[in-house]
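# Sequence isn't available, so here's the structure alone:
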C-alpha cells in the first residue's frame, strides 16, 4: 500500500490533476470487456485512459486480474506516466498471476538499461515489490547493474531493492554477492545512497541478528557521519540508528562522535531529534563525568527535549514517554526545567498524567516548594483520575524528599478537610506510606484520619486505614470499636481488607490482650471457619497457633520492627531501562517494554556500553560506566521478612536434568508442611476448631537435580618478563578455598532433638552448604526437606537435600547441599543473613545463619590493570571504607596467594618506603565489583585494607572475609 501511495503521489505530476477523480465515480457493469478493447487500442491517449480506469477499479477493490496480459502489453511505451501505472498494477497482481508475470521480465531488463534514470529506478523499485519466487532469479542481473549505476537516484533505489529481495529469498541474495555490494555502497559519494544502504543493511541485520552484516569500525563511522549532514531527514534517522549500534573504542572517539551528532538536536523533525538523543545518551556512558564536555553535553540535551513539548498533544505524549526514560537514567539533564512539565488546563489527560510522573522524578529539595504548590492546585481539578494521581504524587514527594515530608503531610491534611470523598481516600493511602517511611514522626494526624473513617468505601483506602489503626492501636483509645465496626461486614469486604483486618486485630490483641480477647477469637473464627479463601484461612491458622502456643514469640513476629519503604518503588528495572534507552524514538520507548514483548522475532537485547560481558574484554571507561548500575543488584528492603518466612513457598527453583535416586525414597511430590498446615498446627486434640484444610499451593516439586558443576578453571599463564604485576610467575587455580569451621545453627533443645551445625564453602565454582545433621531425639527422623527465605544475593538450594532415611536416634550424617544464586532477592540485615526452614516428619523448624561473603566471589573476578585504574578513579571517594586487620603475620606474597584461594585476585603490587601495597579485585555473583588496596608493612602485624565499591553496604562483609581468610 505504501508503494501504491508513493506511485500515485508521483503520478499527480503528470496529466490532469483535477480530473482524475472521474475514474472512481463510474458504476457501470460489464466494463471488463470494454476496458480490454481500450487497452488494445492503437491510440496512446485512449490506452492511458484505460489503464487509469483499471487502476481506479483496482484501488476501490474490484477484481481486474482478468486484464493482466492486456495491461502487461502496455509496458512497451516511452510514456513515464503510463509505465508507472502499469508497474503499479503489476505489483498488485503478480502474486496471484505468477505465470503471467514472467511476461514482464524482458521489459524490466530492458527498462533497467533505459537512458532515463527515472525509468531505470522505477523498474528496479517495481522488481523489488514483485514478491514472486519464480521471477526473482531473472531480476538478479538487472539489479546488479543498477547497484553500480552512474546515477545516484538509481543506486539508492537499488539498495532498498536488495533488502526486499533478501526478504523473499535470502540465500539467493547472499549467493549473488549483493550484500557485499551493499556494504560497498556505504562508501558511496552520495549521502542518500549511503543512507539507503545503511537502511537496507539494518533491515537485513534485524531479521538475521547473528549475521554481523554491519561491520562498524572507525572508518565506516567517519563515512556515515560525513553523510549525516547532507542527506534527508529520514536518511539521517537511518544513519543515527546505525550509529547507536556502534561501541566506541575509548572516550576520545565517543566525544568526537557526540560533537558531530549534536547539531542534529536542532533539527525540525522530532524523529531526528530523538534518534540523536539516543546516540548521545548511549555514548555519554563512555565519557568521564569530570570532563568539561560532559557537562556541556548535558546542557545541550535539555533545550531540544523541552522544544518537543510545544508540539501537538500526540507528539508531546511520545516525547514525554521518552523523557520519562531519560530522567530515570540521567535526571541532571532536566533538573532545571521543572516548569515545562507543569500541567496546562487544556492538556489531554494522557499528557497530564505523564507530566505528573516526570515532575515527581525531578522533584528535589531545590524545587519541592514549587512542585507541592502545583500538586495542591491539581488536587482541586475536576478530572477524578488526575486528582487521584496528584494526591498520590504528594505522598511520593514526601517519601522522596525527606525535608519536604512535613509540608507534604500538612498539604494532605488540608486536602482531607475538603471532605471530597476520593481525595480523602487517596490521602489516607499515601499517609500510610509516609508513616512507614518516617515512623514515630507524624502520628499526631491519626485523630484527623479517624474522623473520616465512615466515608471510606474503596478497598485500598479501607485497608490503609485499618493498617493505621492496628499499627498505632496503643495511641487510639477506641481502636477496638473502630476495628469492630469493620468486622460487622467481614464477609462483604474484599480480600485485601479482610487480610489487613485480621492482622490489625491480632496486633491490637497483643497490645491490649485483656480488652480484646473476644474480638481476636471472633476474627480468627471468621477467617478459619467461615472463609473459603485459602490464603485468609491459612494465615488465620498460623496466627491462631502462634497466639495459643507462644504469645511472646507471636509478639516478636507480629509487632516486629518493619523495614523502611524504599524511595522509588516505580522505577524501571535497571537492565530493562538500559535496553529501552537503546530504543529511544521507537515504539518500545512509548510502551516501556522491550521490542521482543510486542514484535515477533525481535529477541535481540541491546545494552548500554559496559553493561554486559566480562570486564577483561571491555575498555576501562566502558566498565566504569557499566558499573554505575551495579548498586541496584542489592535490592532495597521491602515487605515483612518474618511474614515472608512464615509464608515460604517451600518449592525449590526448577532446574534441568533427571531427578537423583535417593535409596528408593521419592521426594518429587513431598509437601514440606506435611499436608498444608497440619504439621504446624500440632495434633487434632488442640482446641483450634474447624477443618485445617491447608493450601494445596504449598509444597510439591522437590524432584529437581542439583545444578551442574562447572568445569575446573585452568590456571592463568605467567607473562614472563612482560608480567607487569610481578606476581611471581602466575599463580594457578588454588587447590582449596577458605572453609570456616562449622558452628551450631539449630540446637537440639529448640528443634525437638534435631541439631544442625554447618558452614559454607565454594568448590569448583559451586557454593556448598555443608551440614552435620544429628538426631538427639528418641525416635527416628525421616522426610527431610529445606527451603530458604528471600535474601540479599538470591541464594537458594540447587536441588533437594539428600539425607539418608531414616535417621536413627543418636545418629549423625554429613550433608553437602549445592546452592545457586537464582532465588528471589531482598536486602537483609546483616547483608549476609540467611533464614532457613527445614522440615522432617516431626515438625518444621526455622533458624538463621550467616554465610561468609567470600563464597560469592566468582572465578572471573580479576580485572585488567587499566580497567582497575579507571574504575577506582570513577567510584566516588565517599564509597571508600578503610579497615584494620590486626595480629596477622604473613608477608605480601603469602597473603596474596592465600586470598587468591578465595577468588580475591591481586592486580598489581608495588613497594613504597618498605610498605607492600597490593591492589586487588573481586566480583560477586550478582555482578558487583569490589576493589581493594591492602597495605602490608614488614614487621608490622597490623594490615590496612581500603575497599571501594559502588554498593558500599557490602564492604563490611568483604572486610570480614579478608580477616577470616588471612587469619585462617
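Yes, it's here. In this text, all values refer to a predicted model and were calculated from it rather than measured experimentally.
# Where does pLDDT dip in the stretch 601-750 of the chain?
Across the stretch 601-750 of the chain, the ranges flagged by pLDDT under 70 are 601-605, 607, 610-736.
# swap that for the chain, sorry
Using pLDDT under 70, the chain drops low at 1-30, 209-212, 566-570, 601-605, 607, 610-736.
# got the residue ranges for the strands in it?
743-746, 754-763, 766-775, 785-788, 796-797, 812-820, 833-839, 844-850, 880-885, 905-912, 915-923, 929-937, 943-949 (DSSP state E).
# Ok, which of the ones you listed comes nearest residue 447?
Closest approach to residue 447 among the strands of the chain (C-beta to C-beta): strand 833-839, 38.0 Å. (Glycine included, C-beta is placed from N, CA and C.)
# before we move on, the earlier item: looking at the strands of the chain, spot the one closest to residue 96.
Proximity to residue 96 (C-beta to C-beta) singles out strand 812-820 among the strands of the chain, at 56.5 Å.
# What strands line up against that closest one, and which way round?
strand 766-775 (antiparallel), strand 796-797 (antiparallel) (DSSP bridges).
# List the contacts of the closest residue in space to residue 370 that isn't next to it in sequence.
Distances taken as C-beta to C-beta, 6 or more residues apart in numbering place residue 338 nearest to residue 370, at 6.4 Å, with adjacent residues excluded. Residue 338 makes contact with 359, 362, 367, 370, 371 under the criterion C-beta atoms under 8 Å, 6 or more residues apart in numbering.
# Isn't the second one up against residue 333?
Which is residue 362. No. Between residue 362 and residue 333 there is no contact under C-beta atoms under 8 Å: 9.8 Å.
# which neighbours do these two share?
Overlap of the contact sets of residue 362 and residue 333 (by C-beta under 8 Å, 6+ apart) consists of residue 327.
# neighbour-wise, which of those two wins?
Comparing residue 362 with residue 333 by other C-beta atoms under 10 Å, the one with more neighbours is residue 333, at 23 against 19.
# For the closest residue to the more buried one other than its chain neighbours, give me its contacts.
Once flanking residues are discounted, residue 333 sits nearest to residue 301: 5.0 Å by C-beta to C-beta, 6+ apart. Contact analysis of residue 301 by C-beta under 8 Å, 6+ apart lists 265, 277, 280, 326, 333.
# Please tell me how far residue 301 sits from residue 839.
Using C-beta to C-beta, to the nearest Å, residue 301 is found at 56 Å from residue 839.
# and what of residue 584?
According to C-beta to C-beta, residue 584 and residue 839 sit 50 Å apart.
# I'd like to know which of the strands of the chain lies nearest to residue 521.
With C-beta to C-beta as the measure, strand 844-850 is the member of the strands of the chain nearest residue 521 (25.2 Å).
# just to revisit the earlier point, export the strands paired with strand 812-820 as a markdown table, with columns for mean neighbour count and distance to residue 412.
Supplementary listing: the strands paired with strand 812-820 in a markdown table, determined by neighbours: other C-beta atoms under 10 Å; distance: least, C-beta to C-beta, whole Å:
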| stretch | mean neighbour count | distance to residue 412 |
| --- | --- | --- |
| strand 766-775 | 20 | 47 |
| strand 796-797 | 22 | 41 |
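# These into JSON lines, with extra columns for distance to residue 756?
Formatted as JSON lines, those follow (distance: least, C-beta to C-beta, whole Å):
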{"stretch": "strand 766-775", "distance to residue 756": "6"}
{"stretch": "strand 796-797", "distance to residue 756": "14"}
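# Of all those strands, which one is nearest residue 881?
In terms of C-beta to C-beta, the element of these nearest to residue 881 is strand 766-775, at 24.7 Å.
# and the angle for that closest one with strand 754-763?
160 degrees (axes from the mean of the first three to the mean of the last three C-alpha atoms, to 10 degrees).
# So what's the residue count around the nearest residue to residue 38 once chain neighbours are set aside?
Of all residues not flanking residue 38 in the chain, residue 50 sits nearest, at 3.5 Å (C-beta to C-beta, 6+ apart). A count of nearby residues for residue 50, using other C-beta under 10 Å, gives 24.
# now residue 202
When counting by other C-beta under 10 Å, one arrives at 17 neighbours for residue 202.
# quick one, what contacts the residue lying closest to it once chain neighbours are set aside?
Using C-beta to C-beta, 6+ apart and skipping residues adjacent in sequence, the residue nearest residue 202 is residue 242, 5.9 Å away. Residues in contact with residue 242 (C-beta under 8 Å, 6+ apart) are 198, 201, 202, 214, 216, 224.
# Look up how far residue 272 lies from residue 242.
For residue 242, the distance to residue 272 - C-beta to C-beta - is 14 Å.
# give me every residue that touches the spatially most central residue of the chain.
The centre of the chain sits closest to residue 576, judged by C-alpha atoms, centre = their mean, with a distance of 2.6 Å. When contacts are counted by C-beta under 8 Å, 6+ apart, residue 576 touches residue 594.
# Could you do the one 4 residues further on as well?
The neighbourhood of residue 580, defined by C-beta under 8 Å, 6+ apart, consists of 325, 572, 588, 589, 592, 594.
# okay, now the closest residue to the last one other than its chain neighbours: neighbour count?
Excluding its sequence neighbours, the residue lying closest to residue 594 (C-beta to C-beta, 6+ apart) is residue 579, at 5.3 Å. Each residue near residue 579 was counted by other C-beta under 10 Å, and the total is 22.
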